[in-house]
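*Asks:* Sharing a sequence plus its predicted fold:
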Amino acid sequence: MKTKLFTKLFTLLVVCVSFTGCMTDEEVEDTLNGQWEEVYPQSFRTTLIFSSDKKMTRIDENENVEVYDFRIDGDEIFLSLEGSEDETALSFDKLDPGRFNIGYLYPSIPESDPDKFMTFEKLPQP
């Protein structure tokens, strides 16, 4: 009797954890709002600003600015320059509430490799 009860409670616990442990793509997108700084492979080279209207602004160390529409699907982020219909898919991994890895955002740099990634940390909101 105790074994059946334990088994049922354990199964219920596993089911509850599996439902609450996974965030939907929309929930991940919503947690991105704000300003993020590159910490790897180069610190403070790139700033990303995500807004609630699914826009991502990239500012590089030379203060060049590019605005993208973005969406997340599974373990990829899809970027398209504002006004363009062409999309680029990059790997995306939300590590914790304050950090994520994204595929390399500088494909024109000769040493870039599609398997490389960049790590960003969220800046505190003022």
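*Replies:* Looks like it arrived, so ask away. Numbering: from 1, shown residues only.

*Asks:* From Y68, how far out is L123?
*Replies:* L123 sits 19 Å away from Y68, taking C-beta to C-beta, to the nearest Å as the criterion. From N, CA and C alone the C-beta is placed, and that goes for glycine too.

*Asks:* of these two, who's got more company?
*Replies:* Y68 (21 against 13; other C-beta atoms under 10 Å).

*Asks:* so that one bridges to which residues?
*Replies:* Counting by DSSP bridges, Y68 forms beta bridges with M56, L81.

*Asks:* dump the residue contacts of it.
*Replies:* Shown in contact with Y68 (C-beta atoms under 8 Å, 6 or more residues apart in numbering): K55, M56, T57, R58, L79, S80, L81, E82.

*Asks:* 6 Å - rerun?
*Replies:* M56, L79, L81 (C-beta atoms under 6 Å, 6 or more residues apart in numbering).

*Asks:* Ranking by neighbours, what's the top pick from those?
*Replies:* Busiest of those [other C-beta under 10 Å] is L79, holding 22 neighbours.

*Asks:* quick one, what contacts it?
*Replies:* Neighbours of L79 in contact, by C-beta under 6 Å, 6+ apart: Y68, F70, T88.

*Asks:* Quick check: nearest residue in space to it, chain neighbours excluded?
*Replies:* Y68 (4.4 Å; C-beta to C-beta, 6 or more residues apart in numbering).

*Asks:* The one you found and Y104: what is the separation?
*Replies:* 15 Å.

*Asks:* Over to Y40?
*Replies:* In terms of C-beta to C-beta, Y40 sits 11 Å off from Y104.

*Asks:* When those two are compared, which one has more neighbours?
*Replies:* Y104 (17 against 14).

*Asks:* Show the subsequent helix or strand relative to the lowest-mean-pLDDT helix or strand in the chain.
*Replies:* Among the helices and strands of the chain, helix 2-20 carries the lowest confidence by mean pLDDT, DSSP states H and E, at a mean of 42. Sequence order places helix 25-31 as the next helix or strand after helix 2-20, per DSSP states H and E.
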